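**Q** Sequence and predicted structure are below.
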Amino acid sequence: MRKFLAAQQKYPKVALGAKIEGTVHVRYTVNNLGKVIRTQVISGIGSECDEEAERIVRMLEFKVAKTRKLRAEFHKTIRIHFRLPKQTSVQRKYQYVIPKKESAQEKPADKNYSYTIKWTVK
């Protein structure tokens, strides 16, 4: 069920712009056919996240056990988590540059080596 909820969830643009995250508690009622007929936000975080949580819960369908020809309704509570998407880290490409070999005439007496590191951000 969590995979289904995560696949259907769309982060509201208002909440994304305001960097709001949190958990919405939704109470819902399932009828005798397994359909969600009522939803109510118990505790929400606002910024259109409450409406999004209700929309997702209304999409759920359940397999209901037979209740001896009685039409029973079931009440359940679920938590829908809204977490900001993780920012992708910047990948850096490192390039090592070794200086060209000098001719025998230009070589200094001591053998000092040097190198340069250059990186580019894509």
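**A** That came through, no problem.

**Q** So which residue is smack in the middle of this structure?
**A** Taking C-alpha atoms, centre = their mean, the centroid of the chain lies closest to Pro85, which sits 4.3 Å from it.

**Q** confidence score at that one?
**A** Reported pLDDT at Pro85 in the predicted model: 78.

**Q** The one 3 residues further on now?
**A** Confidence at Thr88, expressed as pLDDT, is 63.

**Q** same thing with Val24?
**A** With respect to pLDDT, Val24 has a value of 92.

**Q** What of Asp50?
**A** Asp50 is assigned a pLDDT of 90 by the prediction.

**Q** So it is in contact with Gly44, correct?
**A** Yes. Counting by C-beta atoms under 8 Å, Gly44 is a contact partner of Asp50 at 3.8 Å. To be clear about C-beta, it is placed using only N, CA and C from the backbone, and glycine gets the same treatment.

**Q** Mutual contacts of these two, please.
**A** Jointly contacting Asp50 and Gly44 under the rule C-beta atoms under 8 Å, 6 or more residues apart in numbering are Val24.

**Q** can you give me the strands in the chain?
**A** Listed in chain order, the strands of the chain (DSSP state E) span 22-30, 36-43, 74-82, 92-97, 116-121.

**Q** got any ranges where the chain has weak pLDDT?
**A** Scanning the chain for pLDDT under 70 picks out 88-122.

**Q** Go through it and flag its longest helix.
**A** Taking DSSP state H as the criterion, the chain has its longest helix at helix 49-58.

**Q** Could you tell me which residues within that one count as buried?
**A** For helix 49-58, a neighbour-count test (16 or more other C-beta atoms under 10 Å) marks Cys49, Asp50, Glu52, Ala53, Glu54, Ile56, Val57 as buried.
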